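In: Need coordinates for the following:
(2 chains)
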Number of protein chains: 2
Amino acid sequence: MELWYTEEQTEHVRLSLKVKEHLFSAKSDFQTVDVLDTYEYGRLMTIDGLVMVTEKDEFVYHDMIVHTAMAVNTNIKTALIIGGGDGGTAREIMKYKNIEHVDMVEIDKLVCDVSREFFPTISSELSNRRLSLYYEDGVAFMKNKENIYDLIIIDSTDPIGPGEGLFTTEFYSDCFKALTKDGILINQNESPVYDQFAKEAVRANQKLKKIFPIVKVYQAQIPTYPSGYWLFGFASKTLDPLKDLKAEDWNNLGLKTKYYNTDLHLGAFALPNYVKEKIENGNV
Amino acid sequence: MELWYTEEQTEHVRLSLKVKEHLFSAKSDFQTVDVLDTYEYGRLMTIDGLVMVTEKDEFVYHDMIVHTAMAVNTNIKTALIIGGGDGGTAREIMKYKNIEHVDMVEIDKLVCDVSREFFPTISSELSNRRLSLYYEDGVAFMKNKENIYDLIIIDSTDPIGPGEGLFTTEFYSDCFKALTKDGILINQNESPVYDQFAKEAVRANQKLKKIFPIVKVYQAQIPTYPSGYWLFGFASKTLDPLKDLKAEDWNNLGLKTKYYNTDLHLGAFALPNYVKEKIENGNV
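Out: Just a heads-up that it's a prediction; the model follows:
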């Protein structure tokens, strides 16, 4: 028998991966979580049928959502992760000795539990003593927080279902308040290729621009995400992701990364014309 | 009825596109060419069942295979295209007024004929009076040519079937001889993500390094190619793709490009660590 997992990336595009074994399936109050063992990408977690993370290419996403900010402000001490239940983002942050404390707010405990059981290399730092893990709604958690975090990472699902509130002006505004004076906000910012994703990418960017003085978009190649081409947002109170890159300081840390490096950091912000056109002019 | 085209990108990964209509199919002495009208990517040409070009994302490939070299040497006057039967590479080169003559050597006339009929926006410059079109084997064509071309672009299929001879040391060596003193060779260099492609990428790179003093690899996001992440090779006798970039000169030309720009040029050469590791150390 041949077993194939297929994601409908759009109504008209599907990515299929050959499966060795369907290892797990369960439904929480929020969503359905599955684990598949695939031939090409190793273990894969889906939420509501969409790829969240695979063993083979997770390093791209987690490198880019963490190190890009950490290399711009090498003095970050406190961070907040919204979402990120698989633990990959926490794992990358914990590589920094100067990180004193991280709060992580994942709405769905099931995602963490599944990652602990099936993705030990990704969830490895979820029990780090510098991490406080809250199984709460990120939107509610952000209310009435002031001047607490040097870095906020929105490691969310798409803006449909539980992730929806994490793409609102109100939420971004609460994040702004919760950040310290040189605070940086990073968000996963969808794909520029397919219209429905590109619209969300532009919308998130426009909302952030109303609140943060510095808002830039950067890119990475994540083969299992729709189109393989994914964007992130870098929003900041004072620091510019290019001018304020501390390349030498970061390289002196001697961190091992499989995707990120400081040359690539600069390149990641150099967007193709068609993406700039969409992001800067809102033409999708 | 629903009609879907599926490419087996690897034994374990498939990309499927929803099809409005199967417009054309024919077999030449070399390969089978099909044209599909797809919902997401517009018209699509396959060769032996693999995506060659789509209306929606062809601009990425053609921008990157042409402008990257043209911005490093803005005095290029003569160029050779090996393959490139759809005409997209010729179209981009013809944007430059200083180009005096281009030879194009496509082994399969059928590809050009199909592009002329079904892809008028891609094949638009195939009748340009500055272009000589040879329906010949590129490997044979390159024999005994000396000091003729400022630029050679290998716009080939994968190294299986008719494209195979275009990935050999002997062929690259003939290209080196055919290039003028500041000559540049560009080749499509496969994907770093899936092993069978990455092996070919490394092999081509290692062969080029035996012959050319300067060999660099650069990247682009092409959603319909396997993994969506594609590499190109830049091999050159004297010019470095980064140090010798003539950003101001190129921008003064005022060319309209949908993907390429001179910031992205620099970024395209900033590879992720895992790709550098494969390319530089041959670890696939």
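
In: Mind jotting down where the strands sit in chain A?
Out: When assigned using DSSP state E, the strands of chain A occupy the ranges A:3-10, A:13-27, A:32-38, A:42-47, A:50-54, A:78-83, A:101-105, A:131-134, A:149-155, A:179-188, A:214-221, A:229-236.

In: of all those, which lies closest to A:Ile279?
Out: strand A:214-221 (5.3 Å; C-beta to C-beta). Glycine gets a C-beta too; all of them are placed from N, C-alpha and C.

In: quick one: A:Glu152 and A:Leu80 touch, right?
Out: Wrong residue type there; residue A:152 is Ile, not Glu. Yes. Between A:Ile152 and A:Leu80 there is a contact under C-beta atoms under 8 Å: 4.7 Å.

In: intersection of neighbour lists for these two?
Out: By C-beta atoms under 8 Å, 6 or more residues apart in numbering or on different chains, A:Ile152 and A:Leu80 have these common neighbours: A:Ala178.

In: Let's have the strands of chain A in TSV, adding distance to chain B and mean pLDDT.
Out: Shown next, in TSV, are the strands of chain A (distance: least, C-beta to the nearest C-beta, whole Å; pLDDT from 0 to 100):
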stretch	distance to chain B	mean pLDDT
strand A:3-10	6	98
strand A:13-27	4	98
strand A:32-38	7	98
strand A:42-47	11	98
strand A:50-54	11	97
strand A:78-83	23	98
strand A:101-105	24	98
strand A:131-134	26	98
strand A:149-155	20	98
strand A:179-188	16	97
strand A:214-221	4	98
strand A:229-236	4	98
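
In: And the ones you listed: which comes nearest B:Ala235?
Out: Taking C-beta to C-beta, strand A:214-221 is the member of these nearest to B:Ala235, at 22.9 Å.

In: could you give the angle of that closest one to strand A:179-188?
Out: If you take axes from the mean of the first three to the mean of the last three C-alpha atoms, to 10 degrees, strand A:214-221 sits at 30 degrees to strand A:179-188.

In: List the neighbouring strands of strand A:214-221 plus their orientation.
Out: strand A:229-236 (antiparallel) (DSSP bridges).

In: Give the burial count for the residue of the stretch 51-200 of chain A found nearest chain B, as a bare number.
Out: Closest residue of the stretch 51-200 of chain A to chain B, C-beta to the nearest C-beta: A:Val193 (5.3 Å). Using other C-beta atoms under 10 Å in any protein chain shown, A:Val193 has 29 other residues around it.

In: What of A:Glu125?
Out: So A:Glu125, with other C-beta under 10 Å, has 19 neighbours.

In: Now do the contacts for it.
Out: A:Glu125 neighbours (C-beta under 8 Å, 6+ apart): A:87, A:90-91, A:93-94, A:131.

In: Restricted to helices, list those.
Out: Among the contacts of A:Glu125, DSSP state H puts A:90-91, A:93 in helices.

In: Those into JSON lines, with extra columns for neighbour count?
Out: JSON lines is the format used below for the ones in helices among the contacts of A:Glu125 (neighbours: other C-beta atoms under 10 Å in any protein chain shown):
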{"residue": "A:Ala90", "neighbour count": "30"}
{"residue": "A:Arg91", "neighbour count": "22"}
{"residue": "A:Ile93", "neighbour count": "27"}
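
In: how is chain A carved up into domains?
Out: A:3-54, A:58-281 (automatic domain parsing).

In: could you pull out the helices for the stretch 151-284 of chain A?
Out: Under the criterion DSSP state H, counting those that start in this stretch, the stretch 151-284 of chain A contains helices at A:169-178, A:195-211, A:247-252, A:262-268, A:273-281.

In: nearest to B:Phe232, of the ones you listed?
Out: Of the helices of the stretch 151-284 of chain A, nearest to B:Phe232 by C-beta to C-beta is helix A:262-268, at 14.5 Å.

In: Find the closest residue to chain B in chain A.
Out: A:Gly228 (2.3 Å).

In: so what's that residue up against?
Out: Taking C-beta under 8 Å, 6+ apart as the test, what A:Gly228 contacts is A:221-222, B:221, B:223, B:227-229.

In: before we move on, what about A:Lys216?
Out: Going by C-beta under 8 Å, 6+ apart, A:Lys216 touches A:233-235, A:240-242, A:269.

In: try it again with 7 Å
Out: Shown here is A:Lys216, whose contacts under the criterion C-beta atoms under 7 Å, 6 or more residues apart in numbering or on different chains are A:234, A:241, A:269.

In: Check A:Leu255 too.
Out: A:Lys95.

In: just the domains of chain A: most buried one?
Out: domain A:58-281 (a mean of 20; mean count of other C-beta atoms under 10 Å in any protein chain shown).

In: okay, among the contacts of A:Gly228, which ones form the most distant pair?
Out: Pairwise distances across the contacts of A:Gly228 peak at 11.8 Å for A:Ile222 and B:Pro223 (criterion: C-beta to C-beta).

In: For the residue most central in space within chain A, which non-adjacent residue is closest in space?
Out: Geometric centre of chain A, nearest residue: A:Asp155, 3.5 Å, by C-alpha atoms, centre = their mean. Leaving out its chain neighbours, the residue that sits closest to A:Asp155 by C-beta to C-beta, 6 or more residues apart in numbering or on different chains is A:Gly84, at 3.6 Å.

In: ditto for A:Asp182
Out: A:Thr238 (5.0 Å).

In: how close does the residue nearest to the residue of the stretch 51-200 of chain A closest to chain B when sequence neighbours are not counted sit to A:Ser173?
Out: Spatial nearest neighbour of A:Val193, chain neighbours left out: A:Ser227 (3.6 Å); criterion: C-beta to C-beta, 6+ apart. A:Ser227 sits 30 Å away from A:Ser173 when distances are taken as C-beta to C-beta, to the nearest Å.

In: contacting residues around A:Leu231?
Out: A:Leu231 neighbours (C-beta under 7 Å, 6+ apart): A:189-192, A:201, A:217, A:219.

In: Return the alpha-carbon coordinates of stretch A:203-213 using PDB.
Out: Extracted in PDB, the C-alpha atoms of stretch A:203-213 (Å, rounded to 0.1, in the frame of the first residue of the first chain):
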ATOM      1  CA  ARG A 203      -2.400  43.300   5.800                       C
ATOM      2  CA  ALA A 204      -0.200  42.300   8.700                       C
ATOM      3  CA  ASN A 205       2.600  44.600   7.400                       C
ATOM      4  CA  GLN A 206       0.200  47.600   7.000                       C
ATOM      5  CA  LYS A 207      -1.100  47.100  10.600                       C
ATOM      6  CA  LEU A 208       2.400  46.900  12.000                       C
ATOM      7  CA  LYS A 209       3.400  50.100  10.100                       C
ATOM      8  CA  LYS A 210       0.700  52.000  11.900                       C
ATOM      9  CA  ILE A 211       2.200  51.200  15.300                       C
ATOM     10  CA  PHE A 212       6.000  50.700  14.900                       C
ATOM     11  CA  PRO A 213       8.400  53.300  13.500                       C
END
